[in-house]
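S.K.: Give me coordinates for this.
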Amino acid sequence: MSHSIERIRTLALVGQSGAGKTSLAEALLAQAGAIPAAGSVERGSTVGDYTPLEKQLQHSLKLAVASFECKDTRIHLLDTPGYPDFLGNALPALAAVETAGIVISAQNGIEMMTGRFMQWAARRGLDRLIIVNKIDADNVNLEDLLERIQQTFGKECLPLNLPAGGCSKVSDCFFAPSGESDFSSVEEAHRRLVDQVVEVDEKLMETYLEKGEVTPEELHAPLERALREGHLIPVVFTSAKTGAGIGELLEVITQLLPNPTEGNPPVYIKSAGEKTEELRAEPDPKKHALAHVFKIEIDPYIGRVAVFRVHQGRLTSGGQLFIGEGRKPIKPGHLYMLRGKTQTEVAEALPGDICAIAKIDDIQFDHVLHDSAEDAHVHARPLELPTSVFGLAVQPKKRGDEQKVSDVLHKIAAEDPCFRIEHNSQANETVMRGLGEMHLKAILEKMSSQYKLELETKPPSIPFRETIAAKAEGHSRHKKQTGGAGQFGEVYLKVEPLPRGTGFEFVDSVKGGAIPNQFIPAVEKGVRGVLESGYIAGYPLQDVRVIVYDGKSHPVDSKEVAFVSAGRKAFLDALGKARPIVLEPIVNVEIIAPEAKMGDVAGELSGHRGQIKGSDSPRPGTVQITAQAPLSELEHFPARLKSLTAGHGSYSMEFSHYEAAPPQLQQKLAAAHKPQAEAE
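M.R.: Residues are numbered from 1 along each chain as shown. From the prediction side, this is the model:
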């Protein structure tokens with residue numbers, strides 16, 4: 001059935017693990033009549049957690065889409081995992097929706113991921129709705145929690161409803177503001193909401209001051225504007241378990257949340273050569289199509305499923321589509337709407353719709369699907385995903401499984417934007433990197449259960465780097481005379497250090513053709529050969545500028561190979577005088593632990609050259625420590641944290657920067673490299 005865009009709503013449920021997002025999605029689906037009854041996470045019967053591993057672990061590992069109809073409105077609901085290790089499967093949801101529903105457990109209050117999702121959603125210009133779930137739990141103080149929400153996120157967080165009847169139901173404060181509540185008063189909450197909303201519309205404000213009242217209809221447009229500008233962040237109360245507030249939440253979604261024409265339009269980037277410009281997608285079905293792929297799932301039976309959000313134009317089954325910068329169009333035979341693992345075929349997808357295409361192997365995560373060849377250089381605004389630092393070196397337990405392991409790892413990397421595979425040629429090891437121990441553990445479990453592959457794991461070699469600490473000059477003359485034509489090339493160059501994180505720059509400032517133009521790339525090739533293999537300890541070089549300024553050539557004997565060799569040796573000559581040093585990776589570590597263990601954890605960190613940057617108490621009895629430490633010192637940290645906190649500590653880490661390693665470590669690495677270099 002065809003829908004009007006005004007009747008589409010998109011909502012992502014995000015927030016800390018354990019807040020009850022999957023159960024909330026079940027309750028909404030059941031309330032709308034989309035499923036006969038709500039399933040349970042414990043029994044493994046939910047729409048959102050449908051993979052065998054999620055059922056076994058009883059928490060979400062990936063983003064799930066549930067599309068359903070309710071009161072002539074089509075709702076696309078996204079359920080996301082809440083552990084920091086699975087952010088690669090949660091953050092992409094923010095690129096697909098108008099509204100982020102930040103779910104808070106009434107029992108645990110504001111947790112680490114609550115604040116982070118509030119910030120990410122604000123940065124992407126999304127409307128935000130705070131859903132306080134589990135209001136039926138024991139010992140909850142909702143009045144205190146609401147106050148804390150307002151202190152933490154601002155006075156614009158105002159309740160749309162209030163718990164009543166001892167948390168057995170909620171009273172609406174927006175549409176029909178009269179009724180009892182467990183704390184505060186419905187009339188007072190209504191007045192505050194109206195005061196907050198009319199502030200964005202001067203005319204309405206005048207009417208309100210004259211009459212003392214405005215109708216919900218008059219409030220609709222300014223309410224949308226207040227949500228878009230973050231001038232209002234509504235708070236609602238629910239219990240997925242008892243059903244309290246679930247009908248009211250559906251009412252809020254269908255009546256108050258923005259449709260695709262009302263949210264802030266997503267930003268696309270159009271690049272033409274060096275120039276890039278921003279484009280705003282327009283939710284108009286008559287324009288050419290733009291859709292963004294925010295999830296890839298590789299199903300053992302169906303194959304690759306690409307899930308996308310349409311932002312502009314319309315997609316039809318059998319219509320022609322281009323993938324990213326690809327020049328060859330495809331014709332997807334079927335378009336599907338998803339409800340967990342159930343697929344329902346649809347004839348078309350409009351702006352606001354979230355749909356899927358199966359069995360097209362060329363579609364990757366973050367691709368833009370479009371129907372006009374001229375949009376080949378249009379990309380979605382990049383998601384700010386955390387860098388995967390946590391690594392394990394892996395090899396198959398069974399010999400001969402190498403190719404199979406490689407294929408499966410690449411399949412998993414296609415599904416998970418925060419999982420990557422590196423091959424470290426210096427140590428000859430395959431390293432898988434993720435956001436933490438739990439992330440990689442889930443991947444090893446999946447490989448074992450779904451693909452029947454067992455891997456041996458060990459800590460990976462640390463990705464040290466090298467750089468220089470001073471400017472220097474280098475020179476080399478390459479001369480070989482054998483019978484017939486010889487080889488000749490001479491190179492003079494300078495090296496200088498660059499700021500951390502800059503990488504490598506090659507500058508050609510040769511005047512008057514001292515080195516003919518056609519040989520400059522050969523000099524660069526020789527220089528780049530050294531970058532990979534390093535100078536003092538065999539690690540790649542970075543943050544170095546090489547300036548080739550003079551040289552000599554021979555009209556007959558000068559050849560590419562001579563300049564490759566001269567460039568290489570001149571660079572090595574300069575490096576020897578430029579105070580080469582080893583750099584080590586420093587990571588940001590975030591630890592959550594019982595408050596009583598703060599001293600032990602801090603001691604453990606400082607004993608491993610860690611520096612504590614700050615601490616916070618997200619909820620009573622727990623402490624959140626932010627620190628920086630060298631990656632090389634953290635090899636046994638997960639196990640130590642587990643034993644120090646009796647299993648109650650958790651941590652996440654992300655790459656921060658490189659800095660010079662301490663002298664004794666430099667010497668140790670250089671000494672280990674020497675025998676190896678001599679053996680070669």
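S.K.: so how far is the helix or strand hosting V405 off the chain centroid?
M.R.: Using DSSP states H and E, V405 maps to helix 402-415. Relative to its chain's centre, helix 402-415 lies at 20 Å (Cα atoms, centre = their mean, to the nearest Å).
S.K.: State the mean pLDDT of the helix or strand following that helix.
M.R.: Using DSSP H and E, the helix or strand that follows helix 402-415 in sequence is strand 420-424. The average pLDDT within strand 420-424 is 86.
S.K.: From the contact count, pick out the helices and strands touching strand 420-424.
M.R.: helix 402-415, strand 429-434 (3 or more Cβ pairs under 8 Å, 6 or more residues apart in numbering; DSSP states H and E). (C-beta placed from N, C-alpha, C; glycine too.)
S.K.: The longest strand along the chain pairs with which strands?
M.R.: Assignment by DSSP state E gives strand 580-594 as the longest strand of the chain. With DSSP bridges as the test, strand 580-594 is paired with strand 465-468 (antiparallel), strand 622-630 (antiparallel), strand 650-660 (antiparallel).
S.K.: Could you list every helix and strand in contact with the next helix or strand after the last one?
M.R.: Going back to what we said before, that points to strand 650-660. Later in the chain than strand 650-660, the nearest helix or strand by DSSP H and E is helix 663-679. Here helix 663-679 touches strand 580-594, going by 3+ Cβ pairs under 8 Å, 6+ apart.
S.K.: Using CSV, write out the CA atom coordinates for the strand it packs on.
M.R.: Extracted in CSV, the C-alpha atoms of strand 580-594 (Å, rounded to 0.1, in the frame of the first residue of the first chain):
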residue,chain,number,x,y,z
PRO,A,580,65.5,8.6,14.9
ILE,A,581,63.1,7.5,17.7
VAL,A,582,60.5,4.9,18.3
LEU,A,583,56.9,6.0,18.9
GLU,A,584,54.4,4.0,20.9
PRO,A,585,50.6,4.1,20.6
ILE,A,586,48.8,5.8,23.6
VAL,A,587,45.1,4.9,24.1
ASN,A,588,42.2,6.5,26.0
VAL,A,589,40.8,4.1,28.6
GLU,A,590,37.4,4.4,30.2
ILE,A,591,36.9,2.2,33.2
ILE,A,592,33.7,1.6,35.2
ALA,A,593,34.3,-0.1,38.6
PRO,A,594,32.8,-0.4,42.1
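S.K.: Give me the distance between the residue nearest the centre of the chain and P265.
M.R.: Computing the C-alpha centroid of the chain and ranking residues by Cα atoms, centre = their mean puts L385 first, at 2.7 Å. When distance is defined by Cβ to Cβ, to the nearest Å, L385 is 22 Å away from P265.
S.K.: go on, N108?
M.R.: 35 Å.
S.K.: which stretch in the strands paired with strand 580-594 has the least confidence?
M.R.: Among the strands paired with strand 580-594, strand 650-660 scores lowest, at a mean of 84.
S.K.: Determine the angle, from 0 to 180 degrees, between that one and helix 663-679.
M.R.: 70 degrees (axes from the mean of the first three to the mean of the last three Cα atoms, to 10 degrees).
S.K.: Low-confidence stretches in the stretch 301-450 of the chain?
M.R.: Applying pLDDT under 70 to the stretch 301-450 of the chain flags residues 426.
S.K.: Determine which stretch of the strands paired with strand 580-594 is the most buried.
M.R.: Across these, averaging neighbours per residue (mean count of other Cβ atoms under 10 Å) puts strand 465-468 on top, at a mean of 23.
S.K.: any residues touching that one, and which ones?
M.R.: 495-497, 534-537, 539-544, 575, 578-583, 585, 658 (Cβ atoms under 8 Å, 6 or more residues apart in numbering).
S.K.: Mind doing that once more with 10 Å?
M.R.: Applying Cβ atoms under 10 Å, 6 or more residues apart in numbering, the contact partners of strand 465-468 are 495-498, 500, 502, 531, 533-545, 574-575, 577-585, 658, 660-661, 666, 669-670.
S.K.: List buried residues within the residues you listed.
M.R.: 495-497, 531, 533-545, 574-575, 578, 580-585, 658, 661, 666, 669-670 (16 or more other Cβ atoms under 10 Å).
S.K.: Just confirm the residue nearest to the centre of the chain contacts G434, I think it does.
M.R.: No - the criterion here is Cβ atoms under 10 Å, and L385 misses it with G434 at 11.8 Å.
S.K.: and the closest residue to I110 other than its chain neighbours, how many neighbours does it have?
M.R.: In this structure, I110 finds its nearest non-sequential neighbour in T152, 5.6 Å apart by Cβ to Cβ, 6 or more residues apart in numbering. Using other Cβ atoms under 10 Å, T152 has 14 other residues around it.
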